[in-house]
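Asker: Test case, fold it:
(chains A and B)
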Protein chains: 2
Amino acid sequence: MARSRTACLFLYGVPENDADLLYLARFPAPDPILYFAKGSRRVLLVPDFEIGRARKIFGPGQVWGMQTLAREEAERRGAAFPDLSPAALALSALRRLGERQLEVAENCPVRLVERLREGGMRVSVHDGPLVPGRLSKTPSEISRIVSVQRHTERALAAAEAVMRHATIRRGYLWLGKKLLLAEDLRRVINLCLLEADCLASHTIVAVGDQAVDPHEEGHGPIRAGEPVVLDVFPRSTRTFYFADITRTWVRGRADPQLLRQHRAVFEAQRAAMRVMRAGASIRRAHEEVLRCFIARGFLTGERDGRLQGFTHSTGHGVGLEIHEPPRVGPVDPKLRFREGMVVTVEPGLYYLGRGGVRIEDMVVITRRGVRNLTRYHKRLEI
Amino acid sequence: MARSRTACLFLYGVPENDADLLYLARFPAPDPILYFAKGSRRVLLVPDFEIGRARKIFGPGQVWGMQTLAREEAERRGAAFPDLSPAALALSALRRLGERQLEVAENCPVRLVERLREGGMRVSVHDGPLVPGRLSKTPSEISRIVSVQRHTERALAAAEAVMRHATIRRGYLWLGKKLLLAEDLRRVINLCLLEADCLASHTIVAVGDQAVDPHEEGHGPIRAGEPVVLDVFPRSTRTFYFADITRTWVRGRADPQLLRQHRAVFEAQRAAMRVMRAGASIRRAHEEVLRCFIARGFLTGERDGRLQGFTHSTGHGVGLEIHEPPRVGPVDPKLRFREGMVVTVEPGLYYLGRGGVRIEDMVVITRRGVRNLTRYHKRLEI
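Answerer: Residues are numbered from 1 along each chain as shown, chains lettered A, B, ... in the order given. Now for the predicted structure:
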């Protein structure tokens, strides 16, 4: 990473919610920490009680305790109480480090920057991605992501088994004497993932028209012949990497219209993947999906007051965030795929009265094309 | 909330990671949204595909779509591509709202504030808590928190049953032919919670000396007579409120020293609760714990290079964040409890070679004292 030789990089945040900080400090924590880096020197400031854990994980850098630092600073200044605010902690640490020139991330809290400037620091805001290296995944990052994807597929397989073994009576799916609910499938998926140390939030099991709102999580009974969109994107509680997969299933017979819709999504995904490789325009992949849908007569627009058709982007990066750059959508055509990017390819079509179909794989960009990190069949009828 | 009559409040963030935004917008989402409020007017700017879901939840305010707004703005300006950056979206929305004066939260990203100012906005940063109302919980918030606490207690009871039914052989706890591991207890707890639509992250099952790092999550086999600290703090995936409880258990016989340590923690918790009520000094509760420990000869300090004794604060607020104000610790003595605050009371003592003991309840502050929201026995030996 090329940095100014004179500025000290400073990050403040909750590592589990701030992927740059997590990437740099490698110290997952649910509470805010402070991170300083200049040249080869790295200092992590954590709550005192986290010092032991942080020293085990952080590696060669130094770990300081917030309470200790604040107490020593209060003694030095003759203050009655230690000041544990992030600005006071940062200023104390910077004084010790002998730094007066800082570089902060775009998302650094505005008040904190104001306080640092009031404290005599020269603060510049880093332009663009703070850690461009995050865009292309290393082989070890890819293997972490793949490991989560494998657990996700196993969880999906468990849900498929449940749905497949449901009986069809009076037009609905039943488990014994109880209606099979979207909630049942979600529970199976989330429990399987938890067993594998993966946390699934917002798992989507959207039945019929529920899928027209792509982030509606879905609920209630399932009709035979009705499409169910299952979108699962858990995070490993060990490595903190995400994975992402979507499939759409029908029990019983899908009508010809729905089969055509599913076919269009399947072909659109294939078409997008065909034009994806290191150096290719990102926008082009999205345009391939649009082209496919229009060629097959599947149009997008507002109808009955609701946006219908292909209503979202083709994909997004996956890593320490579930949605991270690059966005695979109608972006600047100059933006290009790079080797090692891990992205989803997830075209979908949603129409009121017919329901939704989405198929999502996760792929890694290579010099010659894509390597699909997903291993799961794409049949509609199960 | 008293606000400047001329400034429009503007928040940008991921609602699930930004409790103020979640509290104000009541729209949980894993992706960033923009929120504007002035007088009785409220506008939420969400990804287009979230419009339907947002309209169902957001209530009387208006919901706008990011992609639609960016597209219309690009057409208006004759730009080639829609600009979906938060600054561009905010400036477009503010133009439509006719606002030129803004108030932002302390944690607003610094780059976003710079861009808004470059775009001609007068931006002031709000001082202190943005939503002071969050400090005191309403009855309906309390009932949401209690509901999570009840699930947490049931999960803890399941883990207790497993530990209680383990057999003791060769000094260790066994389940049939396998060693009972901390990981097994964690799995039972997390699975129970997931069944109840609660997500437990970082559940602690710390065995013996592992508890000396209070956030070490714990692992491995459990010896008879060895204390196990179980700290469980899940979040409801429906209401997004947290709950928090800790118990310490021993299978077999605790030695007299450990019994004394447990007794001290138990008494310290009681002593703290006795001085907690609306209007009382927050610091006082923490000092009661310190006093209790010192009176019983349980000292705190660095020993063998590790901080031992009572190494953390007495408690913290619980709500839409797991750690939110007030901090119950060595704070400014002028800070006072208010009616409706929900806080933990969690003294603990940790010594290498003897292990840790922590007992944590969640209480609500009333005019006359505290109401304990926790229903679980505090016996050490099970």
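Asker: show me the contacts for A:L102.
Answerer: With contacts defined as C-beta atoms under 8 Å, 6 or more residues apart in numbering or on different chains, A:L102 is in contact with A:A7, A:C8, A:L9, A:F10, A:L94, A:L116, A:M121, A:R122, A:V123, A:S124. Every residue, glycine included, has its C-beta placed from N, CA and C.
Asker: can I assume it sits in a strand?
Answerer: Yes: using DSSP: H, G, I helix; E, B strand; the rest coil, the assignment for A:L102 is a strand.
Asker: who does it bridge with?
Answerer: Bridge pairing for A:L102 (DSSP bridges) gives the partners A:C8, A:V123.
Asker: buried stuff in stretch A:277-291?
Answerer: A:R277, A:A278, A:S281, A:I282, A:R283, A:A285, A:H286, A:E287, A:E288, A:V289, A:L290 (16 or more other C-beta atoms under 10 Å in any protein chain shown).
Asker: and if you look at stretch A:21-40?
Answerer: In stretch A:21-40, counting by 16+ other C-beta under 10 Å, buried: A:21-25, A:27-29, A:31-38.
Asker: With stretch A:154-164 instead?
Answerer: A:A155, A:L156, A:A158, A:A159, A:E160, A:V162, A:M163.
Asker: pLDDT on it, on average?
Answerer: What stretch A:154-164 shows for mean pLDDT is 97.
Asker: which residues are contacting that stretch?
Answerer: With C-beta under 8 Å, 6+ apart, stretch A:154-164 has contacts from A:173, A:175, A:180, A:184-185, A:188-190, A:192-193, A:196, A:200, A:205, A:222, A:228, A:230, A:232, A:234, A:245, A:247, A:249, A:251, A:376, A:382.
Asker: List buried members of those residues by neighbour count.
Answerer: A:173, A:180, A:184-185, A:188-190, A:192-193, A:196, A:200, A:205, A:222, A:228, A:230, A:232, A:234, A:245, A:247, A:249, A:251, A:376.
Asker: Need the pLDDT of the residue nearest the centre of chain A.
Answerer: In chain A, the residue lying closest to the centroid (C-alpha atoms, centre = their mean) is A:I322, at 0.3 Å. pLDDT recorded at A:I322 is 94.
Asker: ok, back up a step: which of the contacts of stretch A:154-164 fall in helices?
Answerer: Assigned to helices by DSSP state H, the following of those qualify: A:D184, A:L185, A:V188, A:I189, A:N190, A:C192, A:L193.
Asker: need the contact list for the third one.
Answerer: The neighbourhood of A:V188, defined by C-beta under 8 Å, 6+ apart, consists of A:A155, A:A158, A:A159, A:V162.
Asker: and those as a markdown table, adding secondary structure?
Answerer: Compiled in a markdown table, the contacts of A:V188 are given as follows (three-state DSSP):
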| residue | secondary structure |
| --- | --- |
| A:A155 | helix |
| A:A158 | helix |
| A:A159 | helix |
| A:V162 | helix |
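Asker: Out of those, flag the one nearest to B:F298.
Answerer: Closest approach between the contacts of A:V188 and B:F298, by C-beta to C-beta: A:A155, at 46.1 Å.
Asker: Please report how far the closest one lies from chain B.
Answerer: As judged by C-beta to the nearest C-beta, to the nearest Å, A:A155 and chain B stand 12 Å apart.
Asker: Report the spatially closest residue to that residue, excluding sequence-adjacent ones.
Answerer: Leaving aside its sequence neighbours, A:A155 sits nearest to A:C192 (C-beta to C-beta, 6 or more residues apart in numbering or on different chains; 3.7 Å).
Asker: Tell me the confidence at that neighbour?
Answerer: Confidence score, pLDDT, at A:C192: 94.
Asker: likewise A:G252?
Answerer: 90.
Asker: With the one 10 residues further on instead?
Answerer: Each residue has a pLDDT score; the one for A:H262 is 98.
Asker: for the helix or strand containing it, packing partners?
Answerer: In the assignment (DSSP states H and E), A:H262 maps to helix A:256-274. Packing partners of helix A:256-274 (3 or more C-beta pairs under 8 Å, 6 or more residues apart in numbering or on different chains; DSSP states H and E): helix A:282-295, strand A:342-345, strand A:348-351, strand A:355-358, strand A:361-365.
Asker: Would you mind listing what in the stretch 51-200 of chain A touches chain B?
Answerer: For the stretch 51-200 of chain A, the residues in contact with chain B (C-beta under 8 Å from any C-beta of the partner chain) are A:51-53, A:81-82, A:104, A:106-114, A:125, A:187, A:190-191, A:194-195, A:199.
Asker: Many thanks, I have nothing further to ask.
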